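J.: Provided below for reference: sequence and predicted model.
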Amino acid sequence: MRQYTIAVVVGSLRKDSFNRAVARAIVKLAPSDFTFKEVAIASLPLYNQDADGHEEAAVRQFRQEIATSDAILFATPEYNRSMPGVLKNALDQGSRPYGKSVWDGKPAAVIGVSPGAMGTALAQQHLKSVLNFLNMPTLCQPEIYLQYKEGLLDADGNIGEASRGFLRGFMDAYTAWVKRHLA
């Protein structure tokens, strides 16, 4: 059986990030032929075209981790009605230098959680626009705009009972999406 390696990119640097917690919980719902690994973005310097071709070690490592992944799962908070700057910076670092994007053709999905009632709808819209430009086929349905509230995660960090079926449906759709695009 083929194994699929999925890079998880969390657009938050906060130690107790809701998005990191949900990403860690949702991957537990994946089938056994999928392995998920969070790819850190905190140490990436701000993108500067002058560095193209002689990137810092953190950028080279990040690009390598993305390049060796089969697909990407993004978990983004919403800051000021858009994706966080640190996530956009990671996208820019991975897309450069021109013609050497590590994102090209990789199947993707986006989830997000926020304390607000709208979840991360606008951040995801902006992120999906960038992913489209980067030539990443992105799962459109089901959309995952979660409101972080009591019961979303249980005491052990697993998806709570009320959301488990919905998020299992997302994971089933995402893993089928990845398999279809990598066939």
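T.: Sure, I can see it.

J.: Strands along the protein, start to end?
T.: Counting by DSSP state E, the chain has strands at residues 4-10, 34-38, 71-75, 108-114, 144-147.

J.: can you list these in TSV and add mean neighbour count and distance to Leu127?
T.: C-beta coordinates here come from the backbone N, C-alpha and C atoms, glycine included. Shown next, in TSV, are those (neighbours: other C-beta atoms under 10 Å; distance: least, C-beta to C-beta, whole Å):
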stretch	mean neighbour count	distance to Leu127
strand 4-10	22	10
strand 34-38	16	17
strand 71-75	26	6
strand 108-114	26	6
strand 144-147	19	12
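
J.: got any ranges where this structure has weak pLDDT?
T.: Along the chain, no part satisfies pLDDT under 70.

J.: Mind telling me which residue is nearest the centre of it?
T.: Closest residue to the average C-alpha location of the chain: Phe74 at 1.1 Å, with C-alpha atoms, centre = their mean.

J.: Who are the contact partners of that residue?
T.: Listed by C-beta atoms under 8 Å, 6 or more residues apart in numbering, the contact set of Phe74 reads Val8, Val9, Val10, Gly11, Leu87, Ala108, Ala109, Val110, Ile111, Leu127, Leu131.

J.: quick one: which of those residues is nearest to Val39?
T.: Minimum distance to Val39 across the contacts of Phe74 is 5.6 Å, recorded for Val9 (C-beta to C-beta).

J.: my read: that closest one touches Ala71, true?
T.: No - Val9 is beyond contact range of Ala71, at 11.1 Å (criterion: C-beta atoms under 8 Å).
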